[in-house]
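J.: need the 3D shape of this:
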Amino acid sequence: GRSSPTYPPGPTTKIRPPFAMSRAPEGGDPVDLPADLLCHIFAFLDGATVLSACCPVCSVWKSAANDAELWRLLISRRWEEHQALEPGSIDSVAVQLPEEAFYDLQDVYFRLAAMPSYLTSDARSLRLLDADGTSGSARPTVACFTGRELGGNQTVRSERPWPCTARGQMVAASTFSAFRGPPYGALRSPHRVPGAPAGALLAELLAAHYFEVRIDDVPADAPRGGSGAWYGRPCVAVGMCTRNFPLRGKMPGWDRHSFAYHGDDGCKFRHSNVGDRYAAPFGPGDVVGCGVTLLPGDPAVFFTLNGQLLPDPCFDLGNLAAVPLYPCVGIDTFAPVRVNFGAEPFLYDPRAQQACG
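T.: Below you'll find the predicted structure:
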C-alpha cells in the first residue's frame, strides 16, 4: 500500500528478459518499455539485484538502474526495514547527499546497517516500558526494577549489537551535517532535529557508536533499604557487553565479556568486580553516555556525563575489540532508566570524537 515515485517520461527500448542478455528467445518479440516504467519495476527489487541482474541488460536498463530517484526510494525502504518503521515513514525525495563527489546514493544504500534501537532482558525483576511509560511495548527503551530489595544485579541490553567497527560505513540520519574528514564512520538511528523536515534523510559519517542513559528520580512508593549495608547503595552501570554476558546476577564490567562505568562509586570496571577510580559518581537526574570510536586504528571506549566528555578510561579491549558489542545497562536501583539509541538528540554530540581523533 505505498506509492512509488513518479518518474518523468523517458526513452523507450526494446528489451529482453534480464537473465537472457546475450540473445532473445527464438521467435520472441522484443518489448517496448519506457524508462519510468522500468524504474517503477526496479523499485520492487533489492539494490543488489538491480545492479547485478538489471544493469547489464542494455544501456537504457543501465540508465534506469542508476536513476537517482530509484535509489532514494530503495534507501528509504531499506531504512524503514532496519528501523521497523511503517512503510512510507521516510520521504524518499528528502534523501540527500553532501557535496563530496566520491559518495553517491548507492554507497549509502549498501552501507546501511540495522542498529540497536530498543531494550531486552531475561531478568524477571525488570519491567520494560515504552518511552511514555506504556508496558507491553514491542520496542521498549525504559527499564524499571520491580523487586523489593537491591543487590540482585540485573542488566538490560539492546536487541542487537552495533555493526562491527568496519571503516568506511556510512550513516543516514535525520540531521543536516555534511561529511567531515576521511571516509570512516557508522550508521546510527535517525535523530529528531528541531526544525528539520519530517522523514528527511541525509548521508552522514560518524566517528563512533554511542548511546546515552538518563536516570529518573526514584518513585515515592519505591521500597527503601536493602539486604545489607553493601547492597544499600543504588547503582547504575553503563557500558557494553558481548552476547555471552549474563543478564542476571552480575553487573557489566565484572567479567571478560563486558566493560562499564558504575554510578555508585564512579569506578570503571573491565574483567573484574574490583573497579578503578575513574570519574564522579552519578545517579538520579544524570545522563551518562558510552561509546566506542570508529577512527582509524584500534577502537577506543569513551564515556560522557551530562554532556561532557570524561577522561580516556584507557581500557584494553582485548578480545572485545573484534566481536560485536551490545549497549548495556546494569540496574541495581529503584530509579527508572531511559536509554536513548539516537531516536532523540544526544546531550553529547558523538561527532566530536572525529575532531578528537
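J.: could you use CA atoms for every contact and neighbour count after this?
T.: Noted.
J.: from what I see, Val337 and Val213 are in contact.
T.: Yes: with contact defined as C-alpha atoms under 8 Å, Val337 and Val213 form a contacting pair (6.5 Å).
J.: what comes up buried for the longest helix anywhere in the chain?
T.: In the chain, taking DSSP state H as the definition, the longest helix is helix 68-82. Taking 16 or more other C-alpha atoms under 10 Å as the basis for neighbour counts, the residues of helix 68-82 that come out buried are 68-80, 82.
J.: and stretch 60-69, by the same measure?
T.: Applying a neighbour-count criterion of 16+ other C-alpha under 10 Å, the buried positions in stretch 60-69 are 60-62, 64-69.
J.: now pLDDT and distance to Val301 too, for these, in CSV please.
T.: Written out in CSV, the entries for the buried residues of stretch 60-69 read as follows (pLDDT from 0 to 100; distance: C-alpha to C-alpha, whole Å):
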residue, pLDDT, distance to Val301
Val60, 89, 49
Trp61, 90, 47
Lys62, 90, 44
Ala64, 92, 44
Ala65, 92, 41
Asn66, 92, 39
Asp67, 92, 40
Ala68, 88, 38
Glu69, 89, 39
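J.: tell me the contacts of Cys290?
T.: Neighbouring residues of Cys290 by C-alpha atoms under 8 Å, 6 or more residues apart in numbering: 210-212, 238-240, 301-304.
J.: going through those, which ones are buried?
T.: Neighbour-count burial (16+ other C-alpha under 10 Å) is assigned, among the contacts of Cys290, to 210-212, 238-240, 301-304.
J.: about what we covered before: and the two most separated of the buried residues of helix 68-82?
T.: Checking these against each other with C-alpha to C-alpha, the farthest-apart pair comes out as Ala68 and His82, at 21.1 Å.
J.: in this structure, where is pLDDT below threshold?
T.: When the per-residue scores of the chain are filtered using pLDDT under 70, the ranges that remain are 1-32, 83, 93-103, 111, 164-206, 224-232, 295-297, 354-357.
J.: show me the residue sitting in the middle of it in space.
T.: Met115 (3.0 Å; C-alpha atoms, centre = their mean).
J.: once you drop chain neighbours, what's closest to that one?
T.: Distance criterion C-alpha to C-alpha, 6 or more residues apart in numbering; nearest residue to Met115, sequence neighbours excluded, is Trp162 at 6.0 Å.
J.: next, count neighbours for the one you found.
T.: For Trp162, the tally of surrounding residues (other C-alpha atoms under 10 Å) stands at 23.
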